[in-house]
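# pasting a predicted model and its sequence here:
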There are 2 protein chains.
Amino acid sequence: MAAFAEQIRKGRKFDQVLDGAREVFMRDGYEGASVDDIARAAGVSKATLYSYFPDKRLLFLEAARSECQRQARRALDQLDPAAPVEHALRTAAEHMIGFLLSTFGQGVYRLCVAESDRFPELGQMFYASGPAHVREQISAYLQYATARGDLAITDFDLAADQFTELCRADLFPKVIFGVQTRFSESEIRRVIDGAISTFMARYGTHRG
Amino acid sequence: MAAFAEQIRKGRKFDQVLDGAREVFMRDGYEGASVDDIARAAGVSKATLYSYFPDKRLLFLEAARSECQRQARRALDQLDPAAPVEHALRTAAEHMIGFLLSTFGQGVYRLCVAESDRFPELGQMFYASGPAHVREQISAYLQYATARGDLAITDFDLAADQFTELCRADLFPKVIFGVQTRFSESEIRRVIDGAISTFMARYGTHRG
DNA sequence: CCGAAACTGAACTGATCAGTTTATAATCGG
DNA sequence: CCGATTATAAACTGATCAGTTCAGTTTCGG
């Protein structure tokens, strides 16, 4: 997860450069972004930029890495173990869908999908701080709820993955391929309700 | 879905050009692909290529379009309405996962995600011939099975989307971010069994 | 077998872009 | 307030690439 950030870092405009890079890379992708654009966006001269980062590739990886960390931080605040299962799941679903539909979330996803064979480290990074991170948190909650007798699950990781996938139904493909970008409350509720119903039908214990 | 293919088409090397373009675009993405590479891959001179297509952009769109059509054609052969529901679903799941894990499938997906904001038409095209097409077929089958009394569904489209999402659990994120590229039979069976169990728990009628 | 249409290869144009250099100016610690 | 570090603007290099041109060759219908 680390292993870059070697010959990097020095003075005070470091973060400025990184912010500019994040912005432009996110908007234009790796190939689409020009270093001059980034320097301009960062409010910094090209020479300064190159004094911080040896080349565009490494600048990109650092920008992406910081973006992934940011994303991991903003992830699910610990699911509320006190609330009824349906309620906890609903909260989790709302968070995930909110991220997934945000222009920010789309940007990261698009970028990582596009560049993860040019930059294999990037794919790993995004996976670890995104899908894997979310899975861990949900899986832990599911174990807790199962121990309490509210759910009946044996493969917790699969159950967690299924839940997150159910939350993407209909919405995600439309967003990611630009077929529909805004969704009404009721369109979203339809998907969340559906996800919870299906999940509880399989894994719930208190029938009725 | 059409609306390109205007000033295109003339002689006999048309398909050669398109095949080369498909190959190279799929491998290198839009920016990454050079027209010289494409001409070389197609076994055609650059001048010939430009006699068929006015510019790189349109060549790309045509190549992507033909790829989408190809994909739609190779989609689920009509689900077998005679077989028991679980069996029909299993077959569908195997087809979808097979496509999803193929380098071919990954290539199209990656390309479309990456370029669908540079080329909005591309996103629409891919969505129509991919996700939407699959949804229609599965949804139709689910209506049939519900009418027969084997399933109890009200929102057929949502159910279809949920099933396809369930089939992606675990596998797809790993593949698309390059975390894992090959999967054993049992890894795949785990996901398919899980998808069917969850789906049937929610929508099945004959309990037991 | 002839003439037109399609194709070739190679050279060329003009633009863009990563990365460097240089001469100069701002900033800051002591 | 001096000297060193850090930043700047702008010009430059070398490479890549989309798209054009052209003189010559292949292909094919009639």
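Noted; the coordinates are in hand.

# all helices of chain A, in order?
Taking DSSP state H, the helices of chain A run over residues A:14-32, A:35-42, A:46-52, A:56-73, A:85-101, A:103-115, A:120-127, A:133-147, A:156-168, A:171-176, A:185-203.

# buried residues in the last one?
The neighbour-count check on helix A:185-203 (16 or more other Cβ atoms under 10 Å in any protein chain shown) flags A:188, A:190-200, A:202-203 as buried. All C-beta spots, glycine's among them, are computed from the backbone N, C-alpha and C.

# one more: the second one?
Taking 16+ other Cβ under 10 Å as the basis for neighbour counts, the residues of helix A:35-42 that come out buried are A:35, A:37-39, A:41-42.

# so that helix versus helix A:56-73, what angle?
Angle of helix A:35-42 versus helix A:56-73, following axes from the mean of the first three to the mean of the last three Cα atoms, to 10 degrees, is 40 degrees.

# so, low pLDDT: which residues of chain A?
For chain A, the stretches with pLDDT under 70 are A:1-10, A:75-76, A:207-208.

# most tightly packed of the helices of chain A?
helix A:156-168 (a mean of 24; mean count of other Cβ atoms under 10 Å in any protein chain shown).

# tell me what that one is packed against?
Counting contacts by 3 or more Cβ pairs under 8 Å, 6 or more residues apart in numbering or on different chains; DSSP states H and E, helix A:156-168 packs against helix A:85-101, helix A:133-147, helix A:185-203, helix B:156-168, helix B:185-203.

# go again with 10 Å.
helix A:85-101, helix A:133-147, helix A:171-176, helix A:185-203, helix B:156-168, helix B:171-176, helix B:185-203 (3 or more Cβ pairs under 10 Å, 6 or more residues apart in numbering or on different chains; DSSP states H and E).

# turn those helices into JSON lines, including distance to residue A:127.
Below are the helices and strands packed on helix A:156-168 laid out as JSON lines (distance: least, Cβ to Cβ, whole Å):
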{"stretch": "helix A:85-101", "distance to residue A:127": "15"}
{"stretch": "helix A:133-147", "distance to residue A:127": "9"}
{"stretch": "helix A:171-176", "distance to residue A:127": "17"}
{"stretch": "helix A:185-203", "distance to residue A:127": "22"}
{"stretch": "helix B:156-168", "distance to residue A:127": "14"}
{"stretch": "helix B:171-176", "distance to residue A:127": "6"}
{"stretch": "helix B:185-203", "distance to residue A:127": "16"}
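
# end to end on stretch A:37-49, go ahead and measure it.
Length of stretch A:37-49, first residue to last, Cα to Cα, to the nearest Å: 11 Å.

# what's it in contact with?
Stretch A:37-49 is contacted by residues A:10-11, A:13-25, A:27-28, A:33-36, A:50-53, A:56, A:59-60, A:63 when judged by Cβ atoms under 10 Å, 6 or more residues apart in numbering or on different chains.

# mind doing that once more with 6 Å?
A:13, A:16-17, A:20-21, A:23-24 (Cβ atoms under 6 Å, 6 or more residues apart in numbering or on different chains).

# equivalent analysis for stretch A:83-97, please.
A:76, A:79-80, A:145, A:150, A:167, A:192, A:195-196.

# any idea how far the residue lying closest to residue A:59 once chain neighbours are set aside lies from residue A:88?
Closest residue to residue A:59 apart from its sequence neighbours, by Cβ to Cβ, 6 or more residues apart in numbering or on different chains: residue A:53 at 4.1 Å. Separation of residue A:53 from residue A:88 (Cβ to Cβ, to the nearest Å): 43 Å.
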